[in-house]
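J.: Model the following, please.
(one chain, ligands or ions: 2)
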Amino acid sequence: MKKRLLIKNIKLLVQVQRGIKPKLLGKAMEDIQCIENAFLLTEGDTIADFGEMKNLSKLAYTEGVMEIDATGKMVFPSFCDSHTHLVYAGSREIEYGDKIKGLSYEEIAKRGGGILNSAALLNETSEEELYKQSFARLEEIISQGTGAVEIKSGYGLNLEGELKMLRVIKRLKENSPLIIKATFLAAHAVPVEYKNRQNQYVDYVIDTILPTVAKENLADYIDVFCDKGFFTVEETRKILVAGKKFGLYPKIHANELGFSGGVQVATENNARSADHLEYVSEAEISAFKNSQTMPTILPGAAFFLNLPYSPARKMIDAGLPVAIASDFNPGSSPSGNMKLMLSLATVNHKMTPQEAIAAATINSAYAMGVSHIAGSITKEKKANFFITKKIPTLEYFSYAYGSNLIDTIVLNGELIQPI
Ligand code: NIG
Ligand code: FE
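T.: Residues are numbered from 1 along each chain as shown. Ligands and ions are numbered 1, 2, ... in the order given. Predicted structure coming up:
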């Protein structure tokens, strides 16, 4: 008999959906559905039932069920973090010091620091060591409420290094309870060997690395850092078109450092998402409006690099969906804590707590192509959720920005022991 868990007396069951809605747009983000005094039942690794306590027929559920009493506590679907770089070697707190002293992200990159620093270290690190470091980060984000995560390559910047990263992601997929998607991002920076020969690096990515990655079936998506000082719109288009021939759909870095044209090249290529979006005007909003591409903001990166805040409020008011992700990486966002991202999204990007929850669950699930199995409390979706500590209101969750309010974690219908 399949294992069953029954969570009873839930003060508020958050972000329920009956039937599959792959994303929430505009005003609907504020209206996330919740049930007061609720129950939730899992069977095997999926959600079997949920509803009001008064509709819980005791007899139907008593046999072989493990019960958890959630009086005073809330249940949220696990966060979906649709943009991370959590496979990396070491850390870069040296640059953190430089930034405090006034150097910008671009200045650090120009003098060979930034992504190139992580690339040098990654290429010296064994696959085993990289796996160990990355697995520890996965355990950390699990304890912070994440149930699905997208992870990018992009610190190899050569065939061997990129394959090493993607093989580590593959092993993480096999050995962790999280839903994981892999994104190929060799066009993250131009490696030292190709300095002043950027076009040749683009050809190397397209002709040499991409076909090997595709042949080994190591990636779900393709990404390019389309921004000032990194890759141009033309180079981005060339790489995305090549990726699509191998069945890799784009999810790209766009408009972090300026009006790069990244949003337009993303929507034109039917990207799943375009991410960062510190620079968004009417032209970008209208490109998104006519597309299926999910605008994704990364509040941790904007906070940590002191960038202008992406106008999430404006995008939602224009009727667009918005997703939130952590961008967990050693340079611009050394944290994968999605609860903290909710707080930053509310305070800095002027989203309401409800909108932020929609953005970090169903919309971020869409942004990584998993909204049919994750991102809401829905029958038949994966039983990935967490139970909070006792909290007074829904708003309290992102308001108490430094408190760990996550009490119990369930992934695939299994209780996860805290690390
Ligand atoms: O999303 N913007 C480009 N890439 C990453 C940063 C990577 C790094 O600095 O190591 C980002 O912010
Ligand atoms: Fe990123």
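J.: nearest residue to residue 247 other than its sequence neighbours?
T.: residue 214 (7.4 Å; Cβ to Cβ, 6 or more residues apart in numbering). Heads up, the C-betas are built off the backbone N, CA and C, glycines and all.
J.: What are the structural domain limits within the protein?
T.: 4-77+375-416, 79-367 (automatic domain parsing).
J.: near ligand 1, which residues of the stretch 301-419 of the chain show up?
T.: Within the stretch 301-419 of the chain, the residues that sit near ligand 1 (Cβ under 6 Å from any ligand atom) are 301, 327, 329, 330, 331, 332.
J.: What is the subsequent helix or strand relative to the strand or helix carrying the residue nearest to residue 247?
T.: Residue 214 is part of helix 210-215 when elements are defined by DSSP states H and E. The C-terminal neighbour of helix 210-215 among helices and strands, as given by DSSP H and E, is strand 221-226.
J.: anything in that next one near ligand 1?
T.: Yes: using Cβ under 6 Å from any ligand atom, strand 221-226 comes into contact with ligand 1 via residue 225.
J.: Begin at 59, not 1, for the rest of this chat.
T.: Sure, I'll start numbering at 59, so the last one becomes strand 279-284.
J.: which of the residues in the next helix or strand after that strand are buried?
T.: Using DSSP H and E, the helix or strand that directly follows strand 279-284 along the chain is helix 291-303. Within helix 291-303, the residues scored as buried using 16 or more other Cβ atoms under 10 Å are 291, 293, 294, 295, 296, 297, 298, 300, 301.
J.: Would you check that the second one makes contact with residue 257?
T.: In this case it means residue 293. Yes: with contacts defined as Cβ atoms under 8 Å, residue 293 counts as touching residue 257 at a distance of 7.5 Å.
J.: Residue 311 is in what secondary structure piece?
T.: Taking DSSP H and E as the definition, one finds residue 311 inside strand 307-312.
J.: Which elements pack onto whichever helix or strand comes after that strand?
T.: Next helix or strand after strand 307-312 toward the C-terminus (DSSP H and E): helix 320-326. When contacts are defined as 3 or more Cβ pairs under 8 Å, 6 or more residues apart in numbering; DSSP states H and E, helix 320-326 packs onto strand 279-284, helix 291-303, strand 307-312, strand 331-334, helix 340-347.
J.: Pull up the residues of this structure that are close to ligand 1.
T.: 143, 172-173, 176, 283, 311, 314, 359, 385, 387-390.
J.: Just these: which are in strands?
T.: 283, 311 (DSSP state E).
J.: Looking at residue 477 now. What's its pLDDT?
T.: The score at residue 477 is 56. That number is its pLDDT.
J.: My guess is residue 210 contacts residue 146. True?
T.: No: using Cβ under 8 Å, residue 210 is not in contact with residue 146, being 9.9 Å away.
J.: What is the burial count for residue 355?
T.: If you count neighbours by other Cβ atoms under 10 Å, residue 355 ends up with 30.
J.: for residue 72, same thing?
T.: Number of residues near residue 72 (other Cβ under 10 Å) recorded here: 24.
J.: residues touching the residue in the chain positioned nearest to ligand 1, list them.
T.: Using Cβ to the nearest ligand atom, residue 389 is the residue of the chain that sits closest to ligand 1, at 2.2 Å. Residue 389 is in contact with 150, 153, 163, 172, 173, 176, counting by Cβ atoms under 8 Å, 6 or more residues apart in numbering.
J.: what about the fifth one, how many residues close to it?
T.: Applying other Cβ under 10 Å, we find 27 residues neighbouring residue 173.
J.: and the contacts of residue 389 as TSV, adding pLDDT?
T.: What follows is the contacts of residue 389, written out as TSV (pLDDT from 0 to 100):
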residue	pLDDT
150	95
153	92
163	88
172	93
173	95
176	97
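J.: Could you list which of those belong to helices?
T.: Among the contacts of residue 389, the ones falling in helices (DSSP state H) are 153, 163, 173, 176.
J.: now, the most widely separated pair of the residues you listed?
T.: 163 and 176 (13.2 Å; Cβ to Cβ).
J.: the more surrounded of these two?
T.: residue 176 (26 against 22).
J.: ok so, going back, need the residues of the chain next to ligand 1 in a markdown table with distance to residue 376, can you?
T.: Formatted as a markdown table, the residues of the chain next to ligand 1 follow (distance: Cβ to Cβ, whole Å):
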| residue | distance to residue 376 |
| --- | --- |
| 143 | 29 |
| 172 | 33 |
| 173 | 32 |
| 176 | 36 |
| 283 | 26 |
| 311 | 22 |
| 314 | 20 |
| 359 | 22 |
| 385 | 23 |
| 387 | 29 |
| 388 | 34 |
| 389 | 31 |
| 390 | 26 |
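J.: from the residues of the chain next to ligand 1, which would you call buried?
T.: 143, 172-173, 176, 283, 311, 314, 359, 385, 387-390.
J.: what's the angle from the strand holding residue 311 to helix 291-303?
T.: 160 degrees (axes from the mean of the first three to the mean of the last three Cα atoms, to 10 degrees).
J.: Dump strand 307-312 to PDB, restricted to CA.
T.: Only the C-alpha atoms of strand 307-312 are listed here, as PDB (Å, rounded to 0.1, in the frame of the first residue of the first chain):
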ATOM      1  CA  TYR A 307      14.400  26.000 -25.600                       C
ATOM      2  CA  PRO A 308      15.800  29.300 -24.300                       C
ATOM      3  CA  LYS A 309      15.700  30.800 -20.800                       C
ATOM      4  CA  ILE A 310      17.900  33.900 -21.000                       C
ATOM      5  CA  HIS A 311      19.700  36.500 -18.900                       C
ATOM      6  CA  ALA A 312      18.300  39.900 -20.200                       C
END
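J.: Each with direction, which strands does that strand pair with?
T.: strand 279-284 (parallel), strand 331-334 (parallel) (DSSP bridges).
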